[in-house]
Each structure stands twice: as structure tokens, then as C-alpha cells.
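structure for this input, please:
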Amino acid sequence: MSADDQAFLDVLSSIPNDVKRYSVEVADFIDKNIDQIADIIRESLAGSPYVPEILRPRLPPPTPPVLQLPATALEKVQNWISRHKFLTGFIVIATSTIAYRTYRSNCRLRKVRRARRAGSGGRMDVVVIAGSPALPLTRSLSLDMERKGFIVYIVCNSHEDEVTVQRLSRPDIQPLTIDTTNPPSAGNSIERFAQYLQNPQSAIPRGRKHHISLKAVILIPSLNYQTSPIATIPPSSFYDLFNTHLLQPILTIQAFLPLLTARLGPVEKFQPPKVMVFTPSIISSINPPFHAPEATVCSALSAFTEVLAAELRPLAIPVTHVQLGTFDFAGFTPSWNHRGEQNSGGGHFGLLPPPEGLDTNAWPDSARQAYAKNYLSQSSSAISNGMIRGMRGSSLRDLHNAVFDVIDGSNTSGVVRVGLGASVYGFVGRFVPRGLVAWMMGIRRVDELATWQSSSYNSPRSSGSDNGEASHESFVAVPPLEQVGDAHVWKET
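Numbering: from 1, shown residues only. As a prediction, this is how the structure comes out:
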């Protein structure tokens, strides 16, 4: 058989397969469309006037319309959730967080906070507050600790401080005189206090004696800071500021360190005391203009607290940095009304007193032209001088509860933020650009500056040259304050 014959036979053999495939496709097409074709033919015959009535096909009755009932409230909610999945998830998370924090807050409010008592009813826990007795924060905290059953000692540096403590008229709030500027005297005071802690005490004369223990040392630095441009602050003010606001707290903690690192009670009952350092946190979080004293001192105290915590951590002595917001001191400063406005007598509702030196007329002309406009705008902003304008501040109960929770070990965090604005401005200081914060406080660009004017005093170098004693040393001439008045601008001459 030739090749041509074989090809012809192959074509003939494939014809049945092709016919079968085509027939199947046609049958499928007819099956799919036969009903539609029949309906079209039936409707055409039924509506044709040329077909007799008897031969006309009868159409099926029309399908009744489907009634759509209004959606129920549950169905509407389900449909909205299906369309807004991400927003629903955010609402669920936010609601859960608020509910959890509310539950925790209610639990903390219902918590019974009382210091330990001996079997005879005597007080066993001692708290030392190293802060000025004139501060409302010191007075409120000492009174609350005394009400909770602590023996409170307030560190006093002068006779006036002792009189202020005695005016509280509380038998369990006593002054503890420590002269930190005189190390031998401070050491003797700490030694006498340690002997008092080691000796058993009795609640009543000839009663059963019990041991007392030091539970905490609370450091409250001075909270009064000057607000002014750096160019207008004299060196003596910086010197006094660092001495009273920074060096004094450091020396106080240094004086107590031998007492903190020594075991004063029985081995089986001894627990290391806690150390708490208070600092205002709003200004130091954002470091706004014209607040160099507070920002510098608070930043230095924060760094000192971190180093102190690192040194005392191996000794199992916890150190807690309490960052303060604003509080309502209505019960301790009655001379201020509820709107935070000053009446006769001074005082205030916030954490800090009102800003000082708002009168810019005493500044030099160059400083007033460069800084006065922004200084006044910033002083009238919402967070001027650490206060949140228009808000009364948190209740002092929040601070009292936070301090007690640290003392009894319920809160072991190294940093505790309490008070209105403490957490919010901490977040702003970490994540919000500085330029945006300054703009929101009213700081604007200054385009016109004063013309430079030479100083009117003679520097030591110029006087030495007149006497023929040439000096090649480079220094900055700082004249006495009585020569230059408020013109605190120094230059090399």
C-alpha cells in the first residue's frame, strides 16, 4: 500500500470522530437554548392576531414580584460591619482598652491602702520625705501618708522648715533636721536617725515594744523655676538655681545612701527601702523656649535617677522616677479660685507657681526686640509654665495612690507617670517634631534685630594693655553685675 492510500484511509477514519464531536456540540447548543427558543415561539404565537384563538398557546401566569422586607436593625449592623471591617476592628480594640483601664482604675480605687500595725496598735512603717515643707505637694503627701498609718519624717534644712512641720500639728509627722551643706553634721543626723530605727518602739508608755522599718525615701525637689530667655538670666541666678534645685537634692540622696544600703532590722523581716524621685515632666518632655532652668535641672535629675537606679539595682533597692503632670491643689492654696486666676495672697492650682518676670520692659533693648514677642506668645499658650490652661489638673488622690502602690510593691515600674499631661506630653516629646511644638506654642520667626551696640565697660584685658602688661590669653570678660545692670551679653574684647 502506497503512502497516498494510507493518508486517504486516515482521513476516512477520522470522519466519524469529527461527525460525532460536531453532533454533540450541536445537541448541547440545542439543549441549552431550546427552552428559550420555545418561549420565544410561544409568545409570538400567543400575541399574533393571525392565529385562531383555539390554536393560540396559553402563556404561564406571570411570576409574582418578590416583596423585599425592610432590613432589621441587626441586619443593618451586620451589613455595616461587613463594609467597614478595619474601622470595626479599631473600635473594638479602643473599646476593650478603655473598658480594661476603667476596670483597673476601679480596682485601684477600691483597694484598701493601710500601713502595717503592730499587735499593740503601734505604727511600724517609716517614710522620709525630702522636700520643702512649704510645698503643697510635700504637705499633701505627708498628711496622706500619716492618715494611712505611716510615721512620716520631713527633711528640714532650717529652723523655719521645722516650724512649718510643727504647724501641721500631727504627732506622727516629725521634722528630720539634716544640714546637707555640712557633711559631718549630716552624717551625725543620719546616724541618730539610724539608731532610732534600730531601737524597738512602743505605742504607749511601758507598752509592748515592736521594731519599725524604713519603707521609702521620697525626694521632692523644688518646683519653682524662672521663665526667661537665656540671654536675660544672670550667672548668679544659674548658680543659685543649680545649688538649690539640683545640688541640694543630690546631696540629700547622697546623705541617705549609707542608711539605705545598711540592714537596720532583723534578717527575717528586713526589706530594702524604696527610693522615689519626683520631677515635673511636662516642660522637660518638650523643652520649649524660655524654660532653660527647668528643662536643664529636670533633665539632669532624670539622668541622675537613672544612674542611681543602676547603682542600687544590684543591692535590691528599687528606685522609681515619678514624673509629675499637673494637680489640683485647691485644698492647699485657697487664695486661687477654681479658674486658676490669682487673688490677693498668691498660690495656684497647678504643679508650679505662675511664671515670673512677664514684664519685658526691664530687658535690654536688643533682648526685648529679639525675644519679647515670642516670649509673651509662649507665656500665654496652653501649656505655659507647665500648666495646662483651662484644666484643673488631676486629683491628688491619684498621686497618693501611686506612691502607696510603689511603697507596698504593687507597682514595680521604674518610671511612673501620674498627673494631667504627664503621659500625653511624654508622647509628644518623643514623636512630635520640635518645630511643630514650638509653632503651636506661638513661636514665630523674627526678621528684625536690634543694631549691635558696644559694651560700656572696660574688660580686664584692655586695662592690662593700658598698663603695658600685654596678655596673650583668650578669655571671656564677665563684668560685675552692678556695672552692666541687666545687659547680660558678654563678648571677647
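
tell me which residue lies nearest the centroid of this structure.
Ser423 (2.1 Å; C-alpha atoms, centre = their mean).

my read: that residue touches Arg417, true?
Yes - with contact defined as C-beta atoms under 8 Å, Ser423 reaches Arg417; the gap is 4.9 Å. Backbone N, C-alpha and C define where each C-beta goes, glycine included.

anything in contact with each of these two?
Gly325 (C-beta atoms under 8 Å, 6 or more residues apart in numbering).

all strands of the stretch 51-200 of the chain, in order?
Counting by DSSP state E, counting those that start in this stretch, one finds strands in the stretch 51-200 of the chain at the ranges 125-131, 151-156, 173-177.

could I get these as JSON lines with mean neighbour count and mean pLDDT?
Converted to JSON lines, the strands of the stretch 51-200 of the chain look like this (neighbours: other C-beta atoms under 10 Å; pLDDT from 0 to 100):
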{"stretch": "strand 125-131", "mean neighbour count": "25", "mean pLDDT": "93"}
{"stretch": "strand 151-156", "mean neighbour count": "24", "mean pLDDT": "94"}
{"stretch": "strand 173-177", "mean neighbour count": "19", "mean pLDDT": "92"}
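
and the residue nearest to the centre of the chain, what does it touch?
With C-beta under 8 Å, 6+ apart, Ser423 has these contacts: 325, 417.

give me the element it is part of.
Ser423 is part of helix 422-431 when elements are defined by DSSP states H and E.

report the buried residues of that helix.
422, 425-426, 428-429 (16 or more other C-beta atoms under 10 Å).

tell me the one of those nearest Gly207?
Of all those, Gly207 sits closest to Ala422, with 43.8 Å by C-beta to C-beta.

excluding chain neighbours, what is closest to the closest one?
Distances taken as C-beta to C-beta, 6 or more residues apart in numbering put Gly325 closest to Ala422, at 3.5 Å, once the chain neighbours are dropped.

could you check the pLDDT of the one you found?
Per-residue pLDDT puts Gly325 at 88.

begin at 24, not 1, for the rest of this chat.
All set: I'll call the first residue 24, so the last point we hit is now Gly348.

run a quick neighbour tally on it.
For Gly348, the count of nearby residues is 27 (other C-beta atoms under 10 Å).

ditto for the one 3 residues further on
For Asp351, the count of nearby residues is 20 (other C-beta under 10 Å).

mind checking pLDDT for it?
At Asp351, pLDDT is 84.

go on, Asp431?
Reported pLDDT for Asp431: 89.

sorry, back to before: could you dump the buried residues of helix 445-454 into TSV with pLDDT and distance to Pro387 added?
Putting these into TSV (pLDDT from 0 to 100; distance: C-beta to C-beta, whole Å) gives the following:
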residue	pLDDT	distance to Pro387
Ala445	86	37
Tyr448	82	32
Gly449	83	36
Val451	85	33
Gly452	82	32
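
could you point out where this protein is predicted with low confidence?
24-43, 89-90, 288-292, 355-381, 405-413, 476-516 (pLDDT under 70).

tell me the domain ranges of it?
Using automatic domain parsing, the domain parsing of the chain gives 138-379+413-459, 482-516.

distance to Tyr126 for those domains - can I get that in CSV?
CSV is the format used below for these (distance: least, C-beta to C-beta, whole Å):
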stretch, distance to Tyr126
domain 138-379+413-459, 16
domain 482-516, 55
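
need the winner for burial among those.
domain 138-379+413-459 (a mean of 17; mean count of other C-beta atoms under 10 Å).

pull the distance from that domain to the chain's centre.
Averaging C-alpha positions (C-alpha atoms, centre = their mean, to the nearest Å) puts domain 138-379+413-459 18 Å from its chain's average.

residues in contact with Val345?
299-302, 425-426, 429, 439, 441.

restricted to helices, list those residues.
425-426, 429 (DSSP state H).

nearest to Val342 among these?
Using C-beta to C-beta, the ones in helices among the contacts of Val345 come closest to Val342 at Val429, 10.3 Å.

residue contacts, the closest one?
So Val429 contacts 239, 297, 299, 343, 345, 439 (C-beta under 8 Å, 6+ apart).
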